[in-house]
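Novice: Return a 3D structure for these sequence lines:
(2 chains)
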Amino acid sequence: MSQADGTASPYDGLDPRAYWRLGVAEAGVYPPPDLYRPKFPLTRDLAIMTAGSCFAQHVGAALRKSNYNVIDEEPAPNGVPVEIARSFGYGMYSARYGNIYTTRQLRQLVLEAQGAFVPADAIWEKGDSFFDALRPGVEPEGLPSRELVAEARSYHLRAVARAMARTDVLVFTLGLTEAWEHVDSGTVYPTAPGTIAGKMSDAYRFVNFRHAEIRADFEAVRASFRALNPGVRFLLTVSPVPLTATASGDHVMAATVYSKSVLRAVAGELREDYDDVDYFPSYEIVTAPISAGRMYEKNFRSVRSDAVAKVMSVFLSATAAPAAPGPKSKSEVAMFRARRRAKRLAQANAQPTQAATPADDIICEEQLLDAFARP
Amino acid sequence: MTRLLILGNSHTGALRRGDDAFLRAYPGVQTGYFAAPGTLFLRGQVDEAGRFSTLAATEATRKTLIDMNGALDCDLNDWDQVLVIGHRLRFTSVAGLLNRHDLLEGSRTGKGQAISWALVMATVQAQIEDFLRTIRGKFPVSPNITFFAGPFVASSIVERAPSYALAQTVVEHLGHPDLAEIYDWWVDQCEAAVTGVGFGFLRQPDSTLDGPGLTHPRFAVPKASDGTPAPAPIDHRHMNGDFGFAILSAFAQARLGLTPTDMMNHTIQETQQ
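Specialist: Predicted structure coming up:
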């Protein structure tokens, strides 16, 4: 890099991927090649647990479609049609916890499954029915008694514990920084009281988690998983889906950018700080200026199904084997072939993935907030 | 005289075997049969002129139909009533929901997981809607076209577990304390839905049942003999003439409002032969 006249720049001679013009603007294809270099391979023998905000459902669906070993410790009984199963929270993730929008919510679940946390005010009412406040969407009509909600949750927590114990890789999509918490206990919920069930009152308050809190929550999650399996790895993504609404007082566009920026920063730091944490840039693929909003539906919020397919194609082709610099050895040639096979597989699966989980079918309680928006 | 056509798949054979006894017990009914094997029947439908036919694409299938029925199709206009057997609502798929799960609102049998009654209801609703979509696409809506809910498999099918999946699924939910209540609710739902769109519906008579959604093994027929002297194994899915007689009688009583002339003289006791 050094030159005789001493004018060498540290940016001279870098890979094309290091320059915006070569790596993005004039890359010729989008998403650009070599966007994501995985830290570790995601092989089909690894047991993968998925969780996160609604966008995370795409990740799990694509992995399942590509025959990855995605854990499902709480499957629907045989004979339940897929669309009905999904409306009851089955088949979305590795257990029936529904969408986990905040890292605090994930931390609570992990600790509760290990008997180290008891949520406060965990059962909400609506009419004559009772709902699990920590996953209010999994029984659309609720259950007839508090006792049944508690019993159903105990089955669920055992499934979560089983899933955790088996996990080789946790794939988690960070979705929101905003949440509603129980004032006295700090218990947070996936939806605001009154959205699906429950009733808003002074017992709850809005919270917008900060960078340090989110990082600490994830580190607690990481510690819980590592206590069960020291070799466990973590793959983070940030949901590109903007906030449906914000209670922060800011404009929803500013609140969205703030929220996603904080989440992206946390994910980036965790990736830098821990060898077992990686980050996949699905957020960047969808939101980058070059896509000019074309990856969103007309509401500029829902991600188009073809965009989801593109994102997952990048993910699947990249994660089949790790990128490795240096001369090509036999193993690297084999790795290249594996990646090429994975790419072909991903391309072949792109359409079926859409069909299996079209963007419109993603279950997202957050969309319920639209019902509260006055015209 | 009521002209009754029995239209269906291989299960039509049970009714055919009970036909003589039925005609003696119900002399006011004249019967006719049109049957096609398995999927060939399921592919069949009634055209605008009222003729039922199926896609007999090969010479072999055409020969099968001719050998069985003397014709490739049949005209429903020639009959006052049609009893369809073969388009079924399968209770085993509903009961199978309890193979690895208890019912949250029901009893505990140590399954380790539980599903809600709401999930059972939604699943049954989907099953019924799928069934209605099928039969409405194949048959003109008429109260004179009746769909038989059975036959259910014989409870003796458990002998074939675990190597036979259907048998294994029965083993896993057999005796679940909530099954009877689910069955009663399920059959009510099926009847209400099918009659609600304008067809007739015939339940499998309680006298033929050996538990919820299972036929008593005394009605199961031996498998077709292969010519060896050893006793033929039981075909747990196809039923004998006693069963057929029971179904035809149930139809005559429930759908035609008839009573048998002399039941004692017309039970054929096929199982004791």
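
Novice: Return the list of helices and strands in contact with the host helix or strand of residue A:104.
Specialist: Assigned by DSSP states H and E, residue A:104 falls within helix A:103-113. For helix A:103-113, the helices and strands in contact under the criterion 3 or more Cβ pairs under 8 Å, 6 or more residues apart in numbering or on different chains; DSSP states H and E are helix A:146-166, strand A:188-189, helix A:211-228. C-beta: built from backbone N, CA, C; applies to glycine.

Novice: between that helix and helix A:146-166, how many degrees?
Specialist: Following axes from the mean of the first three to the mean of the last three Cα atoms, to 10 degrees, one obtains 90 degrees for the angle between helix A:103-113 and helix A:146-166.

Novice: I'd like the next helix or strand past helix A:103-113.
Specialist: Helix A:103-113 is succeeded, C-terminally, by strand A:123-126 (DSSP H and E).

Novice: So that next one, near chain B or not?
Specialist: No. Using Cβ under 8 Å from any Cβ of the partner chain, strand A:123-126 never reaches chain B; the gap is at least 13.8 Å.

Novice: And the strands in the chain?
Specialist: The chain I'm using is chain A. All strands of chain A, identified by DSSP state E, fall at A:48-52, A:123-126, A:129-132, A:169-174, A:178-182, A:188-189, A:204-208, A:233-238, A:277-279.

Novice: meant chain B, my bad for not saying
Specialist: For chain B, the strands defined by DSSP E occupy B:2-8, B:29-35, B:45-46, B:51-53, B:73-75, B:81-85, B:102-103, B:114-115, B:145-148, B:200-202, B:220-222, B:234-239.

Novice: Can you tell me which of these is packed in deepest?
Specialist: When the strands of chain B are scored by mean count of other Cβ atoms under 10 Å in any protein chain shown, the highest mean neighbour count falls to strand B:81-85 (a mean of 24).

Novice: got the contact list for it?
Specialist: By Cβ atoms under 8 Å, 6 or more residues apart in numbering or on different chains, the residues outside strand B:81-85 that reach it are B:2-9, B:11-12, B:15, B:76, B:135, B:139, B:144-148, B:150-151, B:202, B:247-248, B:251, B:255-256.

Novice: try 6 Å
Specialist: Strand B:81-85 is contacted from outside by B:4-8, B:11-12, B:76, B:144-148, B:251, using Cβ atoms under 6 Å, 6 or more residues apart in numbering or on different chains.

Novice: Which strand residues bridge residue A:124?
Specialist: Listed by DSSP bridges, the beta-bridge partners for residue A:124 are residue A:131.

Novice: Any part of stretch B:115-129 near chain A?
Specialist: Yes. Contact of stretch B:115-129 with chain A (Cβ under 6 Å from any Cβ of the partner chain) involves B:116, B:118, B:119, B:122, B:123, B:126.

Novice: returning to what we had before: reformat the strands of chain A as TSV; add mean pLDDT and mean neighbour count.
Specialist: As requested, the strands of chain A are exported to TSV (pLDDT from 0 to 100; neighbours: other Cβ atoms under 10 Å in any protein chain shown):
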stretch	mean pLDDT	mean neighbour count
strand A:48-52	97	26
strand A:123-126	94	19
strand A:129-132	97	22
strand A:169-174	98	27
strand A:178-182	97	20
strand A:188-189	96	24
strand A:204-208	97	16
strand A:233-238	97	25
strand A:277-279	97	23
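
Novice: How about the residues of chain B by chain A?
Specialist: Within reach of chain A by Cβ under 6 Å from any Cβ, chain B has these residues: B:93, B:96-97, B:101, B:104, B:113-114, B:116, B:118-119, B:122-123, B:126.

Novice: Alpha carbons only: can I get stretch B:163-179 in PDB?
Specialist: Taking Å, rounded to 0.1, in the frame of the first residue of the first chain, the C-alpha atoms of stretch B:163-179 are listed here in PDB:
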ATOM      1  CA  SER B 163     -46.500 -50.600  10.800                       C
ATOM      2  CA  TYR B 164     -49.700 -49.100   9.300                       C
ATOM      3  CA  ALA B 165     -50.000 -45.300   9.800                       C
ATOM      4  CA  LEU B 166     -53.700 -45.200  10.000                       C
ATOM      5  CA  ALA B 167     -53.700 -48.000  12.600                       C
ATOM      6  CA  GLN B 168     -51.100 -46.300  14.600                       C
ATOM      7  CA  THR B 169     -53.000 -43.100  14.700                       C
ATOM      8  CA  VAL B 170     -56.000 -44.900  16.000                       C
ATOM      9  CA  VAL B 171     -53.900 -46.600  18.700                       C
ATOM     10  CA  GLU B 172     -52.700 -43.200  19.800                       C
ATOM     11  CA  HIS B 173     -56.100 -41.600  20.400                       C
ATOM     12  CA  LEU B 174     -58.100 -44.700  21.200                       C
ATOM     13  CA  GLY B 175     -59.800 -44.400  24.500                       C
ATOM     14  CA  HIS B 176     -59.100 -40.700  25.000                       C
ATOM     15  CA  PRO B 177     -61.800 -39.600  27.400                       C
ATOM     16  CA  ASP B 178     -62.700 -36.500  25.400                       C
ATOM     17  CA  LEU B 179     -63.100 -38.300  22.100                       C
END
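
Novice: So which residue of chain B lies furthest out from the middle?
Specialist: Distance from the C-alpha centroid of chain B, by Cα atoms, centre = their mean, peaks at residue B:112 (33.2 Å).

Novice: from what I can see residue A:314 touches residue A:31, true?
Specialist: Yes. Counting by Cβ atoms under 6 Å, residue A:314 touches residue A:31, with 5.0 Å between them.

Novice: Can you name the residues that contact the closest residue to residue A:307 other than its chain neighbours?
Specialist: Closest residue to residue A:307 apart from its sequence neighbours, by Cβ to Cβ, 6 or more residues apart in numbering or on different chains: residue A:295 at 3.6 Å. With contact taken as Cβ under 6 Å, 6+ apart, residue A:295 is in contact with A:286, A:304, A:307.
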